[in-house]
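Asker: Model the following, please.
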Amino acid sequence: MPRADRLIILDRDGVINQDSDDYVKSLEEFHPYPSAIHAIGRLCQAGWTVAVATNQSGIARGYYDEATLASMHEHLQAMVADAGGRLAHIAYCPHSPEDDCDCRKPRPGLLDQIGRALGMPSLSGSWMVGDKNVDLQVGEARGCQPVLVRSGKGERTLTKHPELAAPGSRARVFDDLASFVDWLLEEQQEP
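Answerer: Next up, the predicted model:
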């Protein structure tokens, strides 16, 4: 049984793969960062559980369908497996902001889905890694330690919310997923 203090939840677009203001609408537009795939493999090999929580409103907007999203996630799982890892669960919100659902970040429904899927009644002590403030907010709502990456829309987020990079901030800030994983695995080696 996975433990919450060994769980890392990742946003997808901007953390694992290149983001687009026009949405990632097809497998051809889905470009994972090689360093992120390698980082997920390293986490899994070090005994961490890795899950994904992603808003995918492009489905509600009619830009792509759930079968297309499934093909992207199958490709992602295969790449992660080739790197020696596994995504324990991928939770996604297919709704638009107007749908007023409970799963669109910053609401906590996606994290609750992950908790149920992994048999974790509490996610307190887990890590939530994202490139947008909503990622940090949803993580904090469920007791996760927030991490902001500068990749994807992370720099834009820091421009809007400079307090995130200030000393004493609630969030840790890293260049990308790989640099966070380097730091985390190094921290775990400390006696």
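
Asker: buried sites along the lengthiest helix in the chain?
Answerer: When the chain is parsed with DSSP state H, its longest helix is helix 66-82. Under the neighbour-count criterion of 16 or more other CB atoms under 10 Å, helix 66-82 has 68-69, 72-73, 76, 79-80 buried. All C-beta spots, glycine's among them, are computed from the backbone N, C-alpha and C.

Asker: in this structure, which spans are helices?
Answerer: Ranges of helices in the chain, per DSSP H, are 34-45, 66-82, 109-118, 133-141, 154-160, 177-189.

Asker: with the buried residues of helix 66-82 in mind, which one is nearest to Asp99?
Answerer: Asp99 has its nearest neighbour among these in Leu69, at 16.4 Å by CB to CB.

Asker: which residues touch the spatially closest residue to Met72 that is not a sequence neighbour?
Answerer: Among residues not flanking Met72 along the chain, Phe30 sits closest, at 4.5 Å (CB to CB, 6 or more residues apart in numbering). Listed by CB atoms under 8 Å, 6 or more residues apart in numbering, the contact partners of Phe30 are 17, 24, 72, 75-76.

Asker: and among the helices of the chain, the most buried is which?
Answerer: helix 133-141 (a mean of 22; mean count of other CB atoms under 10 Å).

Asker: Give me the helices and strands touching that helix, please.
Answerer: If you count contacts as 3 or more CB pairs under 8 Å, 6 or more residues apart in numbering; DSSP states H and E, helix 133-141 packs onto strand 49-55, helix 109-118, strand 127-130, strand 145-149.
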